[in-house]
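**Student:** Give me a model of this one.
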Amino acid sequence: MASSLTCAGIVWAFLSFLCAAASCVGFFMPYWLLGSQLEKSVSFSTFRRCSYPVRDESSQMTVMVEQCGRYASFQAIPSAEWRICTVVTGLGCGLLLLVALTALMGCCVSELISRTVGRVAGGIQFLGG
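**Tutor:** Down below sits the predicted model:
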C-alpha cells in the first residue's frame, strides 16, 4: 500500500494514536482522585466513580455503594465545573482520536494527507490537547 506520509508523518501518526488512546483511557477510568470516605477507599473522575455514598431513605443513613460506574445522569455530576470539565475533556479526546485515526489511514492510503491537511490536523490536535 502506498502512503502519503513521510517517515516523520508515520511516526507522528503512531504517536498520535498512542496519545489519543491514553487520553481516552484516562478519561474513562475513575482514578483521577483517590481518597477515603466512611472508612472506605473511594476514587472518581469527571465521568465515573468508585465506592460512592448514597442516602438510604428507609434507614435515614448514608451507606457506601462499593462498585464502579458512571454518574446516573449528567446532572448527577457534582458541580457545574465538573460538568464543564467532562464535556471539554470528552471533546478533546474525540478530536484527538479523530486526527489519530485519520493519520493512521494516511499511512495506508496514498494522497490522503497533503501538507495543508497535515497542518489542519496539527491545529486540531493542538485544540484537542
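**Student:** and the gap between the closest residue to Gly92 other than its chain neighbours and Arg55?
**Tutor:** Nearest non-adjacent residue to Gly92, counting by C-beta to C-beta, 6 or more residues apart in numbering: Gly128, 4.5 Å away. (Glycine included, C-beta is placed from N, CA and C.) To Arg55, Gly128 is 38 Å away according to C-beta to C-beta, to the nearest Å.
**Student:** who's in contact with the residue nearest to Gly92?
**Tutor:** Residues in contact with Gly128 (C-beta atoms under 8 Å, 6 or more residues apart in numbering) are 91-96, 99.
**Student:** Ser23 too?
**Tutor:** Per C-beta under 8 Å, 6+ apart, neighbours of Ser23: 92-93, 96.
**Student:** Could you rerun that using 7 Å?
**Tutor:** Neighbouring residues of Ser23 by C-beta atoms under 7 Å, 6 or more residues apart in numbering: 93, 96.
**Student:** Help me confirm that it is found in a strand?
**Tutor:** No. Counting by DSSP: H, G, I helix; E, B strand; the rest coil, Ser23 is located in no strand; its state is helix.
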